[in-house]
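Participant: missing the sequence, but the structure's below:
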């Protein structure tokens, strides 16, 4: 990093053990640092924030993201990771003093251990608890001897612990998740990681670090979710992701978030088939899924959906993060001609303006948004500076000549002169009368057509009533006229 302010902050964090310095450039200007896994430091930070009365998740994140130029993610991935971490802290905060004394006995346990139900009950609002905890498996492994059980009954028998998340350079398998869980961490997906954005591991029906008992919550954050997101869920198949490799499976949870939605909701997914095989990408010889999963779909952020969002009363302000991570369409619409701005962002959307200047209309993407019922005639005139003055002065000279000729012809017309002699009007006083004076508004003339060199016209069809509007833009020696009909 060569930004002096950011580099100074990075050095300060390294000096205070908040980041780890990996390398320096040869000129000692660039500093390469990383936020490594620090479970004890993370627990200390959690303890301070839990006991700080003025703590607000939104204001704290805003300060950190703005100060260090950190992106919240294209779809809010970093926000979801923060929501999970905060839900864990809310669970600890709500423990009774007796429970806390049992949870943190001296010299035995420093970090809290909780169940998946404890975590989700502090992540989602109370009004969704019954719907979530009473849901049956969305995808069910038909070979299991036991009948399908409710989510609350299954995941109360789990154990998990994390107080921070890390982002590895490569994808993790089940053994890697066991090691990460021992450090009290969750996992963010690596760059270009298919299938998930983060994973939170847990142990199923045991306190021992047994790889065969490792389960996980797979999280995906999307910009939009279809009514039946089977395509997304197929890509979250744990066998396709290499998280499960044999028959030693345990029940898992898959959650898809779409934060940028107006109407908040939490839905437990149920598919057409009894086993939910359409939401799995790999099947056994009978075409049935190889695992059991409880699938949830969370749309929006609130109010009364995510507890970490509602706790500090900043529910509506969370939407501002999406304006930071994306180019808003309002940037284009604020222009009198949005397509002029869209032309500067080729292939940047589905609107016509992103394509019309460089792609023939016959090759436009099939999903592009057609232009509103307007026709634009764009004339591109490339002229030299000397010719530019000629094209503007010549029409003006012609108009002046035509007007002068008309005035002269009227002035020397005998009929007009005889009329003037008969008039006895005074040019002084209130009785002044002006009659038989031709009005310029009665004149009509036609300008000659100018033929500009290197003239290119691009015409799009229209159904709009006749309207004339002229816009002019000059860039160097190039002059562009827009004429809208």
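Facilitator: Nice, thanks for sending it over. In this text the structure is predicted, and so the values were computed from the model without any measurement.
Participant: and residue 419, what's its pLDDT?
Facilitator: Looking at residue 419, its pLDDT stands at 54.
Participant: cool, residue 105 as well?
Facilitator: For residue 105, the pLDDT comes out at 50.
Participant: again, but for the one 4 residues further on
Facilitator: Reported pLDDT at residue 109 in the predicted model: 58.
Participant: what of residue 300?
Facilitator: Value for residue 300, per-residue pLDDT: 91.
Participant: that one: neighbour count?
Facilitator: When counting by other C-beta atoms under 10 Å, one arrives at 19 neighbours for residue 300. For every residue, glycine as well, the C-beta is placed using N, CA and C.
Participant: likewise residue 244?
Facilitator: Residues near residue 244, counting by other C-beta under 10 Å: 22.
Participant: quick one, what contacts the nearest residue to it once chain neighbours are set aside?
Facilitator: Distances taken as C-beta to C-beta, 6 or more residues apart in numbering put residue 238 closest to residue 244, at 4.4 Å, once the chain neighbours are dropped. By C-beta atoms under 8 Å, 6 or more residues apart in numbering, the residues touching residue 238 are 216, 218, 244, 249, 252, 291, 293.
Participant: which members of those occur in helices, if any?
Facilitator: Secondary structure from DSSP state H places none of the contacts of residue 238 in helices.
Participant: of the residues you listed, which pair is most distant in space?
Facilitator: 218 and 249 (13.3 Å; C-beta to C-beta).
Participant: out of the two, which sits in the more crowded spot?
Facilitator: residue 218 (24 against 21).
Participant: and that one, what does it touch?
Facilitator: Neighbour list for residue 218: 195-196, 199, 236, 238, 241, 243, 252-255 [criterion: C-beta under 8 Å, 6+ apart].
Participant: how about a cut-off of 7 Å?
Facilitator: With contact taken as C-beta atoms under 7 Å, 6 or more residues apart in numbering, residue 218 is in contact with 196, 199, 236, 252, 254.
Participant: ramachandran coordinates for the third one?
Facilitator: If I follow you right, that is residue 236. The phi/psi pair for residue 236 (degrees, to the nearest 10) reads phi -100, psi 20.
Participant: that one reaches residue 196, doesn't it?
Facilitator: Yes. Using C-beta atoms under 7 Å, residue 236 is in contact with residue 196, at 6.1 Å.
Participant: and for these two, which residues touch both?
Facilitator: Overlap between the contact sets of residue 236 and residue 196, as judged by C-beta under 7 Å, 6+ apart, is given by 218, 220.
Participant: Serialize the contacts of residue 238 to CSV and add fields for distance to residue 133 and pLDDT.
Facilitator: Below are the contacts of residue 238 laid out as CSV (distance: C-beta to C-beta, whole Å; pLDDT from 0 to 100):
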residue, distance to residue 133, pLDDT
216, 19, 97
218, 19, 98
244, 24, 95
249, 22, 94
252, 16, 97
291, 21, 95
293, 16, 97
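Participant: out of these, who's nearest residue 351?
Facilitator: When the contacts of residue 238 are compared against residue 351 (criterion: C-beta to C-beta), the nearest one is residue 218, at 34.6 Å.
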